[in-house]
Every structure is written in C-alpha cells, then in structure tokens.
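Engineer: return atomic coordinates for the entry below.
(chains A and B)
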2 protein chains.
Amino acid sequence: MKLHFLGTGSSYPTTKRGVSSLALQQDDGSIWLFDSGEGTQIQAQKVAISRQKINKIFITHLHGDHMFGLPGLLCTISSQFGLTEEQLEKEVPHVDIYGPKGLRRFIYTALSLSRSPLIFKYCVHEMVPVASQYSEDWEDWDVDHSEPSATHPSELPGVTVEPSVMEDGNVYWKLIDNEEWCVRAGWIHHRIPSFGFVINEKDRPGTLDKSKLVSLGVKPGPVYGQLKSGKSITMENGDVITPEMVLGPPIQGRTLIILGDTSDASPLAHMIQSCDVVVHEATHDDTLVDKAVEFGHSTPSQAVAFSKSVGAKVLLLNHFSQRYSPSSKESLKEGEETVALLEEQAQAAAAGTGLSVQCADDLFVYEVPGTRRANTRIIGGTHGWRSTT
Amino acid sequence: MKLHFLGTGSSYPTTKRGVSSLALQQDDGSIWLFDSGEGTQIQAQKVAISRQKINKIFITHLHGDHMFGLPGLLCTISSQFGLTEEQLEKEVPHVDIYGPKGLRRFIYTALSLSRSPLIFKYCVHEMVPVASQYSEDWEDWDVDHSEPSATHPSELPGVTVEPSVMEDGNVYWKLIDNEEWCVRAGWIHHRIPSFGFVINEKDRPGTLDKSKLVSLGVKPGPVYGQLKSGKSITMENGDVITPEMVLGPPIQGRTLIILGDTSDASPLAHMIQSCDVVVHEATHDDTLVDKAVEFGHSTPSQAVAFSKSVGAKVLLLNHFSQRYSPSSKESLKEGEETVALLEEQAQAAAAGTGLSVQCADDLFVYEVPGTRRANTRIIGGTHGWRSTT
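Structural biologist: Residues are numbered from 1 along each chain as shown, chains lettered A, B, ... in the order given. Presented below is the predicted three-dimensional model:
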C-alpha cells in the first residue's frame, strides 16, 4: 500500500508544485484518490499509477484547489479506457465519488454543460454536514448545494450520507464497510465544511499452518478456505478441526487518516486511538500561526499535536503555501523559503515522542509498512459499501 | 501584438502538451485569452505574460478541454492581485468573458460551490447559437443551459448576444465595437455549438507631419489632437487646416481569425475577405480525415482550404491529437509521430499560394507583423463594447 503525493500545494498550482491530490495505491494496484485539484491528471501521468485503476475518489471539501481537476480527470479516464462493446456489455466499470453536499451539482454541471458522456458509470455519495461545520456568515452567500434535477447519462444513483451520532454526541459519516475496509469521515475545523477520512484496513485471518494441517490429516481442498474464513470443519473420522488449531495470529489491518484543510482536526480524534499514518496539512510555518488559523489552516506544530493525540506513528505533511519551495530546490532567491523550514519545526515539535515526521513534495511516494494483499480487483468490481446500506 | 500558444493539444492535457488556450498579448501588454482548458494557468506561468493583465476571455465552445481551467484561473488571478482597499475603492478591475449560452451557469456553479469570491468583477456575455449549430441528437440529452437564478457576488450583469442576421441570411455575433477594435463571432461546424472570432483592429489616423504643421504655422497644442482625430481647425488668420493637409496615410489595422474546434469553418467565411492570421485546428493528419470529420475536427489540408478562402497570409495550426508529439521531440518511440507530419501536409496543400503555414507547439510565440500601439490600459479600463449597446 503506497501513498503517492500528486499535488502538495495550496491555493493554486505552479510549475513547481501542484494543488491537492493524493493517490492511495492498494496492493492490488487499484487506486483511491483523495482530492483532485486542477492539474491532478497531469501530475498522475508523472508517476507509475494508472488513472484507469482509480475506483474511488474522496473529496475533502469543495474549495477549488481540491476539486477543480475532477471533471477533466473523469473525462480523461473515460477517453482512455479502450473497452470494447463486448466488454462493456459484460461489465460497465464504475467509480464511487464521496464528498460534501454540493459535489454532485458541481460534477453534473461540468460534465453536462461540456457534454461529456463517460464510458464508465459514476456515483456521487454526498455527506451532509452538521451545523458546527458552517461559519457564521454561511447564509450571507446563498449557494445552491441541492442535487441537480436531472441525472447524467453515465451516473448511477448515489447515497446521501447523514452523520451517525454516537452516544457521547460525537458524529461520523460511514462511507464504506465491507470485508476488507471500514472508511469513515469526520469533520474538522475549516472555513467551509471540511472532512477527514479514517481508513481502517480490517484485520485478516492469519496464514494456514500447512505442516499442522498435514499432521492433522486435512487434505488440500475447499476446506482450507472454510478454515481460513473462520469456519470449523468435521473430518470423516468425526474429528472437529477449528480455525484456531491451524491458523496463525490474525494479521492486523492498517489505519490511515487523511485530512482535508483544517485549523483544528480535534473533532475527528474521537474515532481513533492509534494509527499508522496521518496526512495533515501545514499551510504555513509556526511563526505564521495566526494567519494560518485565520484562514482555516494549520502549522507543523499543530499537525504534530493532532498526530500525538491520535497515537500516530508517522505524520506526513502537505498542502503548503506556494511561498515554500520544494525541499529539493537548491538555488533560492532572496526571501524564498523551502518546506525544509516546516519540516524542521515539525521535527522539533515531535522530538522525543517517537512520531516520525516528513514533508511531502510532489510525487513523493510513501510505502505504508505492512503486508500485501494478493486480491485482484478491477475498477468498480468491489463495492461492499453498497451491500451494507 | 503577439500570440502565445499556451496549450495546443486536444482532449486532455499531458506532460508534453497542454489543452486549448491561446493568449493574444496586445502592444500595451493587456491580454485577451482564447479558451482555458485545464492547466491553462500553469502554462501561463511558463511564459512572460502576466495573468493579471487578462481583461477579456473568449470561450469558443463548452467542451471541457476548452473551459475546465477557467474557474481555477479566475481564482488565481484574484488571489494574486494584491490591490489595497484604497485602490479597490477607486477602481475595481473587471474581466469580460464571452462564450456560448451555458457558460455563465458553468462559471457560477464552480465559483459559488467552491465559495470563491474574486477581488475583481467579471461579466459573462453569452452568445445564443442558431439552429444550424445543433446536432440532430441535441435534444436527447436535456442539459440546462439557462442562466443561474442567483448572481455571484463578484459578477456584473452580462449581455445576452443574439445573432445579427445579414441581408443574405448569414449571421454573426457582435461582441466588441469601440474605437480600436471590432470583434465578431461566427459559427463553425462542430459536434456542439462552436464559434470562431474575427478580430479587426480598426484603422488609425496617419501620423502628423510636423514639418508641414510648422510650415503652415500651426503651433503644438490641443489642435494637434483635433487634427489627429479628424477635425479641421481654423487659424487666427482665418485659414482652415484640414486633417488631410497634415496627416500621413491611415495605418491599417490587422485582422486575426481565431477558431474553435471545427470540421468546416466555412459558415464564418462570409465575414472576411482578407486577413493577417488564421488560427485553425488540425486535430488529425490528412490520412485520418474521416475520423477527424466524424468527431467534428479538421486536418491540415482542410485548414489550408479555409485559410485560402478568406485570403489569409499566415495559418497557424493547433489543437493536435495527443498522438502527435511536439515537433521538437527528438527521440520517438516506435509508432509515434510528431506534428512535423501535420506541418508537411499543410505546407504541401499551401504550396504556391503564398500562404505561410506553421504548427504551434506549446509556448510558441507568434509576433503579428504591424505597428505598435503606445496606449496604456489597465485591466477593465476600456470597455467600448458596453458603450455601444
């Protein structure tokens, strides 16, 4: 499982750094995309991931630097599928898109006015924000977030995801819950409703101990699968073999937290006690904390504080103001700064805690430690989320 | 006056070539932008033009590769203006945007859902297509092209531009008509309503012959301006000096034709007898003419035929299928072709006609021959179009 940082800049793209987009490449090659600012599809061409493998897209919030690249990306994926009529009759691939209320109207308007049919189907699953996500002046500008009255020809009905309220009053949005994954969203402070995503890879059964199976007289066949899936079997001689007898310890799933823009991600912390990786913005450096917070953003020290509160092992920073050049830039003009400054501040804040910190430049790849899955999936092939609602 | 080809590819942007966008840089530095596909703002950063100098944007048609970069571009221009409150009180800059019906809904939806206020004002002037621009299956997909019911906080009312019908039945859309410019649009064949723009720089009075003025006893002062503007003056001794007596021959304005996607631009030809430059698409090479026309596009020979029909001196080709690499690409993989193939075909078709032909790679700059204007204008400072309607 790898994280490809396609765009790590805030506000607007430059020739040095794209705007927000992050690809989670799973071990079977399929891609979940988080945000799609303008130019995401160009950035994706620079790395070894196939845009055709994107089967889920998560939009953290509706600011343009996080979603203006989405319509073009969908059109390009479509133009490059190269599926035959026969293949399409058998299975029309589909892409699930998750994001805040209003996202469907944006996608529909762009794709229908540009008269862009797609060769795959897409569903938009909109999250309904809670009152605490809206700024005081929200109603001053009356924006139509409602769903369009028509449906795009390539669109399947999506689900409106209402917040789930827990006993202690905390909320979350349940997006995916299948055999492999549990993905929930939580709200975080920003100028407009902004979400973070908590991605839990579910624990899997341990590996079968083949020598043990042989010693117990269990021959290879479908029973192996039954034991692996947690079912006991009865031998011809009446002996019962339980999974515990032949399975190694469960393989623990990994947990990632990928956040949208925020000045304070604490409303989401209730969902996590520990996690492998946090991706957190750090738009400005610590000396500009007032400016950062005023515009709904964070500094390295804030990101570290949040990461510590959720027991993270690794913190990856992104969404840098374009005033900070990539760390690799050797010759700086007077007054220019690189993200090295932000990384230093984060490392100082994390010193002694065991939290590992890094700033992600564009095209940086982070390999999440852990085991690989061998499943093969094609785009749109697995949508456990739909079966649970 | 220069043409900066910011993006010359069709359909989707790649790392080698952006999608449609062309900047007309006038002699005073102000920019008129023609189309704004995804990534236009990144391309613009690579050349010596300032995005803050853009004061008019023309969208040829609503396909995504011609307009998906517009919302992001407007946001970036806005974020970089750096005007003080005091300056804004004196003059709020504004940008005029011209394009087909539906453009206002696209811009409004993107800017309002992303909650992007702008620091300048914009007006969308929508052209209403004529029946012959619609494909037979147009009504099969019911798309809402109507204007949104609300107005963006940074928006000024635009004008709905109906076609003007000439005595012979031909039509055109009058967009700008002031002292310096006449800009009209005409329709051209494509899969969706697509427009070409005919840009006439108006003839200007000749230069004052100073030695003649001295010999006639006319002393420097406001009378110079009166003579220059075509008015006669009466001397103290009663002599009348007419402009013809002291002005050189008028300086002829230049004419440019900038076309949207088309398989046949002839419906626009009635507007022009001769012109300096035609910018015409050549999506595919001549051997693929059937494919080109099926998808509403042209080949080099078609572009040459049109250019000859309107008496053009120079033909610049753009909007190439991404299968054709830039001409500068030295190492081609097997099966790859460059635009050199398209240029050869165009030059063969133009041989002996005096028409000069060139394929434009991204960032190619063409300097339109002719004189320079010394006027200084700021963004939004001149909008003669408004004063004539």
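Engineer: quick check, pLDDT for the residue of chain A most remote from its centre.
Structural biologist: Distance from the centre of chain A peaks at A:Asn237, with 49.7 Å (C-alpha atoms, centre = their mean). If you check A:Asn237, the pLDDT there is 91.
Engineer: please confirm that it is located within a helix.
Structural biologist: No: counting by DSSP: H, G, I helix; E, B strand; the rest coil, A:Asn237 is not part of a helix but coil.
Engineer: measure it to B:Thr242 for me?
Structural biologist: 123 Å (C-beta to C-beta, to the nearest Å). In this view, the C-beta of every residue, glycine as well, is placed from N, C-alpha and C.
Engineer: do A:Ile42 as well
Structural biologist: 60 Å.
Engineer: more crowded one of the two?
Structural biologist: A:Ile42 (25 against 12; other C-beta atoms under 10 Å in any protein chain shown).
Engineer: contacting residues for the closest residue to the more buried one other than its chain neighbours?
Structural biologist: Distance criterion C-beta to C-beta, 6 or more residues apart in numbering or on different chains; nearest residue to A:Ile42, sequence neighbours excluded, is B:Pro13 at 5.2 Å. Shown in contact with B:Pro13 (C-beta atoms under 8 Å, 6 or more residues apart in numbering or on different chains): A:39, A:41-42, A:72, B:7, B:19, B:37-39, B:65.
Engineer: likewise for A:Val19?
Structural biologist: So A:Val19 contacts A:7, A:9-13, A:37-40, A:65-66, A:69 (C-beta under 8 Å, 6+ apart).
Engineer: 7 Å instead?
Structural biologist: Residues counted as contacts of A:Val19 (C-beta atoms under 7 Å, 6 or more residues apart in numbering or on different chains) are A:7, A:9-10, A:12-13, A:37-39, A:65.
Engineer: reformat these as JSON lines; add pLDDT and secondary structure.
Structural biologist: Listed next are those as JSON lines, based on pLDDT from 0 to 100; DSSP: H, G, I helix; E, B strand; the rest coil:
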{"residue": "A:Gly7", "pLDDT": "98", "secondary structure": "strand"}
{"residue": "A:Gly9", "pLDDT": "98", "secondary structure": "strand"}
{"residue": "A:Ser10", "pLDDT": "98", "secondary structure": "coil"}
{"residue": "A:Tyr12", "pLDDT": "96", "secondary structure": "coil"}
{"residue": "A:Pro13", "pLDDT": "97", "secondary structure": "coil"}
{"residue": "A:Gly37", "pLDDT": "98", "secondary structure": "coil"}
{"residue": "A:Glu38", "pLDDT": "98", "secondary structure": "coil"}
{"residue": "A:Gly39", "pLDDT": "98", "secondary structure": "coil"}
{"residue": "A:Asp65", "pLDDT": "98", "secondary structure": "helix"}
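Engineer: what's opposite A:Leu3 in the beta bridge?
Structural biologist: A:Leu24, A:Tyr366 (DSSP bridges).
Engineer: these two touch, right, it and A:Tyr366?
Structural biologist: Yes: the criterion here is C-beta atoms under 7 Å, and A:Leu3 meets it with A:Tyr366 at 4.4 Å.
Engineer: of the two, who's got more company?
Structural biologist: Set A:Leu3 next to A:Tyr366 and count neighbours by other C-beta under 10 Å: A:Leu3 wins out with 22 against 17.
Engineer: can you give me the helices for the stretch 1-150 of chain A?
Structural biologist: For the stretch 1-150 of chain A, the helices defined by DSSP state H, counting those that start in this stretch occupy A:40-45, A:64-67, A:70-79, A:85-90, A:103-113.
Engineer: so which of the ones you listed is the most packed in?
Structural biologist: Mean neighbours per residue, mean count of other C-beta atoms under 10 Å in any protein chain shown, is largest over the helices of the stretch 1-150 of chain A for helix A:64-67, with a mean of 28.
Engineer: so which elements touch that helix?
Structural biologist: helix B:70-79 (3 or more C-beta pairs under 7 Å, 6 or more residues apart in numbering or on different chains; DSSP states H and E).
Engineer: okay, now the closest residue in space to A:Ser325 that isn't next to it in sequence: neighbour count?
Structural biologist: Residue nearest to A:Ser325 in three dimensions, not counting chain neighbours: A:Thr338, with 4.7 Å by C-beta to C-beta, 6+ apart. Neighbours of A:Thr338 under the rule other C-beta under 10 Å: 19.
Engineer: what residues does the stretch 101-250 of chain A put near chain B?
Structural biologist: A:102, A:105-106, A:109-110, A:112-116, A:141-143, A:150, A:153, A:192 (C-beta under 7 Å from any C-beta of the partner chain).
Engineer: show me the two of those residues that sit farthest apart.
Structural biologist: A:Trp141 and A:Pro153 (31.5 Å; C-beta to C-beta).
Engineer: picking up where we left off before, mean pLDDT lowest where, among the helices of the stretch 1-150 of chain A?
Structural biologist: Among the helices of the stretch 1-150 of chain A, helix A:85-90 carries the lowest mean pLDDT (a mean of 69).
Engineer: A:His63 and B:Ser114 touch, don't they?
Structural biologist: Yes: applying C-beta under 7 Å, one finds A:His63 in contact with B:Ser114, separated by 5.5 Å.
Engineer: what about the contacts of A:Val19, which one has the most neighbours?
Structural biologist: A:Glu38 (34 neighbours).
Engineer: where's that residue relative to chain B, distance?
Structural biologist: According to C-beta to the nearest C-beta, to the nearest Å, A:Glu38 stands 4 Å off from chain B.
Engineer: distance of that residue relative to A:Ser50?
Structural biologist: Distance from A:Glu38 to A:Ser50, by C-beta to C-beta: 21 Å.
Engineer: repeat for A:Glu334
Structural biologist: Counting by C-beta to C-beta - A:Glu334 and A:Ser50 are separated by 42 Å.
Engineer: which of those two has more neighbours?
Structural biologist: A:Ser50 (15 against 4).
Engineer: need phi/psi at the more buried one.
Structural biologist: phi -90, psi 130 (degrees, to the nearest 10).
Engineer: report pLDDT for it.
Structural biologist: 85.
Engineer: report the rounded mean pLDDT for stretch A:126-135.
Structural biologist: In the prediction, stretch A:126-135 has an average pLDDT of 97.
Engineer: ditto for stretch A:140-148
Structural biologist: 95.
Engineer: for it, measure first residue to last.
Structural biologist: End-to-end distance for stretch A:140-148: 22 Å, by C-alpha to C-alpha, to the nearest Å.
Engineer: any idea how far that stretch is from the chain center?
Structural biologist: 26 Å (C-alpha atoms, centre = their mean, to the nearest Å).
Engineer: mind telling me which residue of the stretch 251-389 of chain A is nearest chain B?
Structural biologist: With C-beta to the nearest C-beta as the measure, A:Gln322 is the residue of the stretch 251-389 of chain A nearest to chain B, at 9.8 Å.
Engineer: count of neighbours near that residue?
Structural biologist: 16.
Engineer: give me the helices and strands touching the helix or strand hosting A:Val277, please.
Structural biologist: Secondary structure from DSSP states H and E places A:Val277 in strand A:275-281. In terms of contacts (3+ C-beta pairs under 7 Å, 6+ apart), strand A:275-281 is packed against strand A:255-259, helix A:300-309, strand A:312-318.
Engineer: what pairs with the first one, and is each one parallel or antiparallel?
Structural biologist: For strand A:255-259, the pairing partners within the sheet under DSSP bridges are strand A:194-201 (antiparallel), strand A:275-281 (parallel).
Engineer: how about low-confidence regions in chain A?
Structural biologist: Chain A contains residues with pLDDT under 70 at A:81-85, A:88-89, A:92, A:328-332, A:371-389.
Engineer: how is it carved up into domains?
Structural biologist: Taking automatic domain parsing as the domain assignment, the ranges for chain A are A:2-204+A:251-387, A:210-246.
Engineer: got a list of what A:Thr76 touches?
Structural biologist: Taking C-beta under 7 Å, 6+ apart as the test, what A:Thr76 contacts is A:41, A:51, B:12.
Engineer: wait, the first one touches A:Pro71, no?
Structural biologist: Just to be clear, that refers to A:Gln41. No: using C-beta under 7 Å, A:Gln41 is not in contact with A:Pro71, being 10.3 Å away.
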